[in-house]
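>>> what's the 3D shape of this:
(2 chains)
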Amino acid sequence: AQSVAQPEDQVNVAEGNPLTVKCTYSVSGNPYLFWYVQYPNRGLQFLLKYITGDNLVKGSYGFEAEFNKSQTSFHLKKPSALVSDSALYFCAVRFNTNAGKSTFGDGTTLTVKP
Amino acid sequence: EAQVTQNPRYLITVTGKKLTVTCSQNMNHEYMSWYRQDPGLGLRQIYYSMNVEVTDKGDVPEGYKVSRKEKRNFPLILESPSPNQTSLYFCASSFRLAAQETQYFGPGTRLLVL
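Sure, this is the predicted structure:
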């Protein structure tokens, strides 16, 4: 069964510092990996996705993520965090073998302090 | 404006009283899905629909029904709500059923079952 793990419930960083939000997935074929962000009292917004090709994916708001097949990871990164990046981040995985099904991680709360 | 809408946004009800949460998208998307979000559990998929009159179960379908009579609408029905269905519900859609497709989320419906 497909699964996603976000090992950190909470990540705290200072504004201007680099940030990393971790995501690993269970291996079963070739995954499609997504990052979504949820701001308070809002729905989820798409940030970026890995489909194929370059392992480094660039997305919205200066975020990027690196797909690492050997480590089955897809960590979200940003070189310089902003206070406005504070939100709940979800990693998700889908597979072609069962395209209708989406599996999300439990979410990681990112707090960026001034 | 391209969007996914949900109604109502907030709902308080009592055990056993049937309710329907509506979801509508104006993007002519084929694929639609329902999720519930609970603290520490992330998003869990309830049901999804690949197109009109085609639906399938997600990870947590018990106690829920759906229908897809029109392409734009995908209502979630709770025939006899119970307190364990108290949750935040999200509807999502994407252009087609394909693992690489990005999902667009509605604003959420917060349900409290007493």
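
>>> Do stretch A:33-43 and chain B come into contact?
Yes. Applying Cβ under 8 Å from any Cβ of the partner chain, one finds stretch A:33-43 in contact with chain B at A:Phe34, A:Tyr36, A:Asn41, A:Arg42, A:Gly43. In short, each C-beta sits where N, CA and C put it, glycine included.

>>> Next, the buried residues of the top strand by length along chain B.
Identified as the longest strand of chain B according to DSSP state E is strand B:42-51. For strand B:42-51, a neighbour-count test (16 or more other Cβ atoms under 10 Å in any protein chain shown) marks B:Gly42, B:Leu43, B:Arg44, B:Gln45, B:Ile46, B:Tyr47, B:Tyr48, B:Ser49, B:Met50 as buried.

>>> end-to-end on stretch A:45-56?
Counting by Cα to Cα, to the nearest Å, you get 20 Å between the two ends of stretch A:45-56.

>>> ignore the last one, stretch B:23-33
The straight-line separation of the ends of stretch B:23-33 (Cα to Cα) is 10 Å.

>>> same question, stretch B:98-106
Separation of the first and last residues of stretch B:98-106 by Cα to Cα is 19 Å.

>>> Distance from it to the middle of the chain?
Chain-centre distance of stretch B:98-106: 14 Å, with Cα atoms, centre = their mean, to the nearest Å.

>>> circling back to that earlier point, any chance of the buried residues of strand B:42-51 in TSV, plus distance to B:Ser80?
Below are the buried residues of strand B:42-51 laid out as TSV (distance: Cβ to Cβ, whole Å):
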residue	distance to B:Ser80
B:Gly42	26
B:Leu43	24
B:Arg44	20
B:Gln45	21
B:Ile46	16
B:Tyr47	17
B:Tyr48	22
B:Ser49	22
B:Met50	27
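
>>> Flag the shaky bits of chain A, pLDDT-wise.
Scanning chain A for pLDDT under 70 picks out A:27-28.

>>> Okay, strands next: where are they in chain B?
According to DSSP E, chain B carries its strands in the segments B:4-7, B:10-13, B:19-25, B:31-38, B:42-51, B:54-57, B:65-66, B:76-78, B:87-94, B:104-105, B:109-113.
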